[in-house]
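> 3D model of this:
(one chain, ligands or ions: 3)
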Amino acid sequence: MEPPKPGQKSTAQTYEQDPRWTAVDRYALSHLHTPSAPYYAALEFAAHNAQQNGLPDIAVSPLQGQFLALQVRLLRAKHILEVGTLGGYSTIWLAGATGPDTRVTTVEVDERHARVARESIARAGLGDRVEVVVGAGADVLPRLRGEVAAGARPRFDFAFVDADKENNLLYVDEIVEMARVGACVIVDNVVRKGTVVDAELAETDPRVKGSRAVIEGAGKHPRLDATLMQIVGEKNYDGFLVCLVK
Ligand code: SAH
Ligand code: DHB
Ligand code: MG
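Residues are numbered from 1 along each chain as shown. Ligands and ions are numbered 1, 2, ... in the order given. Take a look at the predicted model:
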């Protein structure tokens, strides 16, 4: 797809491909994520396996995955929740960030995505750290919250929300109830090439509505402090909402 001209709206799902963003990603990765890095081959395999199985090309970029892994390490997070597994690419970044006592629960509605993810996660040697739960986030998260409330499951230290954008705020509200104080919640794709501030799409596009709902909801939530990071890179102009549970 051609990059949009100034003033032109871009709402298609294909990535913007500004050559500067791609070049900077490649340059940074060549120094910051080299083949000797832990799980390097496993991440490459996961990306390849997703492509071979025809999964959509919408995983986080390598630099974004590396950012998530650094957050997990900074927090010393042990109990991690992900909503939206796809082929397990971000899951491998999260599960491989710290040691063998890390546990990742990742929720995926699509059986086929879950099967590809399990294969790539097992190939990474991370099968015993990761539970792929097949189901819709709106069904699974309340069940997990019940397990946490019953003491059957530890509170989460870190969560990555990257599934159906319409339910972003529902997911964050659920996560706050089952996270520890001091946990971090990151929501992907809240900028959407800047369309998050398009007045028309704010009324008509359910994903833009979902992004706006979670940004505005985080701002109002008594137990969240949050900021928004706009991100460009090899895949898109988009962004993370980064929340602290207090
Ligand atoms: N986090 C992944 C990318 C996730 S893409 C990565 O970066 O590697 C979004 C995923 O969310 C898709 O696999 C899609 O099937 C899943 N999804 C869509 N609706 C969902 C729902 N209601 N509940 C759980 N997962 C959902
Ligand atoms: C889409 C979903 C994502 O989670 C993402 O990072 C990029 C695109 C999508 O559904 O188009
Ligand atoms: Mg995403």
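> ok, so what distance separates residue 88 from ligand 1?
Separation of residue 88 from ligand 1 (C-beta to the nearest ligand atom, to the nearest Å): 7 Å. The C-beta positions use only the backbone N, C-alpha and C, and glycine is treated the same way.
> how deep is that residue tucked in, by neighbour count?
36 (other C-beta atoms under 10 Å).
> How about the contacts made by it?
Residue 88 makes contacts with 46, 50, 106, 116-118, 120-121, 130, 132, as judged by C-beta atoms under 8 Å, 6 or more residues apart in numbering.
> Is it correct that residue 174 is in contact with residue 141?
Yes - Residue 174 is within contact range of residue 141, at 4.0 Å (criterion: C-beta atoms under 8 Å).
> what stretches of the protein score poorly on pLDDT?
1-15 (pLDDT under 70).
> Pull up the gap between residue 198 and residue 187, please.
19 Å (C-beta to C-beta, to the nearest Å).
> which of these two has more neighbours?
Between residue 198 and residue 187, residue 187 has the larger neighbour count (other C-beta under 10 Å), namely 29 against 17.
> what bridges to the residue of the chain found nearest ligand 3?
Nearest residue of the chain to ligand 3 (C-beta to the ion) works out as residue 188 at 3.6 Å. On DSSP bridges, the residues paired with residue 188 through beta bridges are residue 240.
> Can you name the residues that contact it?
By C-beta under 8 Å, 6+ apart, residue 188 lies in contact with 60, 84, 160-162, 238, 240.
> give me that answer again for 7 Å
60, 161-162, 240 (C-beta atoms under 7 Å, 6 or more residues apart in numbering).
> follow-up on the earlier one: which of residue 174 and residue 141 has more residues huddled nearby?
residue 141 (26 against 23).
> pretty sure that one contacts residue 171?
Yes - between residue 141 and residue 171 there is a contact under C-beta atoms under 7 Å: 6.2 Å.
> gap between the helix or strand hosting residue 50 and the chain center?
Following DSSP states H and E, one finds residue 50 within helix 40-52. Its chain's average C-alpha position is 17 Å from that of helix 40-52, according to C-alpha atoms, centre = their mean, to the nearest Å.
> And for that helix, what's in contact with it?
59, 86-89, 92, 116, 119-120, 123-124.
> and which of those residues is nearest residue 72?
The closest of the contacts of helix 40-52 to residue 72 turns out to be residue 92 (C-beta to C-beta; 12.0 Å).
> Please confirm that that closest one is located within a helix.
Yes - assessed by DSSP: H, G, I helix; E, B strand; the rest coil, residue 92 belongs to a helix.
> Give me the residues contacting stretch 203-222.
Here stretch 203-222 makes contact (C-beta under 7 Å, 6+ apart) with 165-169, 172, 176, 187, 189-190, 192, 195-196, 198, 201-202, 224, 226, 228, 241, 243.
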